[in-house]
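In: quick one, what's the 3D model for this:
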Amino acid sequence: MKTVSSKKNAKQVTMTLENSNSKTYLELLDGRSEELQFTQVAPTEFTVNDSEFSLKSGINVELGIKNVDLVATSSVIWPGQTIRVRGGLHGQGAAMKAQATIPFNRKMADGVQGESWLYWVIETPEGEFHNKQAIHMKGTLKGLPPKNATFYSDSVTPLFDSEDNQVGTVYGCLQSN
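Out: The predicted structure follows:
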């Protein structure tokens, strides 16, 4: 297998995703739970980094998600209160990772597998919660920025408070761009 990469001439391209909608289920350890419907507060910026090409597997495009800023209004756990999710530089302090895999002899416009690994800071009336294990999202991309794409998670991710005590979980995450 031959891998070709142009890391010494590495360039980043910055792109912006203007709008997306997200939902997730938040369940606290005391049994309270709710489905939160999020809207995007600010455009999501991300970088497209150098790609790696393999004759066997195609092209792997690496992305850095610089920011995520979402809000929802709780109707069950904290009725009428705002829940805010921040990720990336303004969340846990570093860009989150994503990638698109374009198989050999295929174009992104045909639909290719995309994945992201999200780390969130969730601002709630009971304090800030964060995940230490990435929320792994999968979906199909037809271009960059990833418009008309839906990503989903199929795992349960623990949430922790500022003292690293587990306070709950998130699951069933879904994002539509």
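
In: surely Ile83 is in a strand?
Out: Yes: judged by DSSP: H, G, I helix; E, B strand; the rest coil, Ile83 forms part of a strand.

In: show me the contacts for it.
Out: Ile83 makes contact with 26, 36, 38, 71-74, 122-124, according to Cβ atoms under 8 Å, 6 or more residues apart in numbering. For the C-beta atoms, the positions are set from N, CA and C on the backbone; glycine is no exception.

In: return the distance of the residue lying closest to Val48 once chain neighbours are set aside relative to Thr39.
Out: Among residues not flanking Val48 along the chain, Val13 sits closest, at 4.5 Å (Cβ to Cβ, 6 or more residues apart in numbering). Going from Val13 to Thr39 by Cβ to Cβ, to the nearest Å gives 26 Å.

In: what bridges to Glu128?
Out: Following DSSP bridges, Glu128 is listed with bridge partners Glu123.

In: could you pull up the residues touching it?
Out: Applying Cβ under 8 Å, 6+ apart, the residues contacting Glu128 are 121-122, 161-162.

In: mark which of those are buried, thanks.
Out: Neighbour-count burial (16 or more other Cβ atoms under 10 Å) applied to the contacts of Glu128 gives 121-122.

In: pull the number of nearby residues for Phe104.
Out: For Phe104, the neighbour count with other Cβ atoms under 10 Å is 11.

In: distance check, the residue lying closest to it once chain neighbours are set aside against Arg32.
Out: Nearest residue to Phe104 in three dimensions, chain neighbours excluded: Gly58, at 4.2 Å (Cβ to Cβ, 6+ apart). Gly58 is 45 Å from Arg32, where distance means Cβ to Cβ.

In: more neighbours, those two?
Out: Gly58 (17 against 12).

In: partner residues bridging that one?
Out: With DSSP bridges as the criterion, Gly58 is bridged to Ser54.

In: so what's the residue most central in space within the chain up against?
Out: The structure's the chain has its C-alpha centroid closest to Leu118; by Cα atoms, centre = their mean the separation is 4.2 Å. Neighbouring residues of Leu118 by Cβ under 8 Å, 6+ apart: 65, 68, 87, 96, 131, 134-135, 137, 173.

In: show the pLDDT at the residue nearest to it when sequence neighbours are not counted.
Out: Among residues not flanking Leu118 along the chain, Ile135 sits closest, at 4.3 Å (Cβ to Cβ, 6+ apart). For Ile135, the pLDDT comes out at 96.

In: chain neighbours aside, what residue packs nearest to Asp69?
Out: Val41 (4.2 Å).

In: for His90, see how far away that neighbour is.
Out: Taken as Cβ to Cβ, the span from Val41 to His90 is 11 Å.
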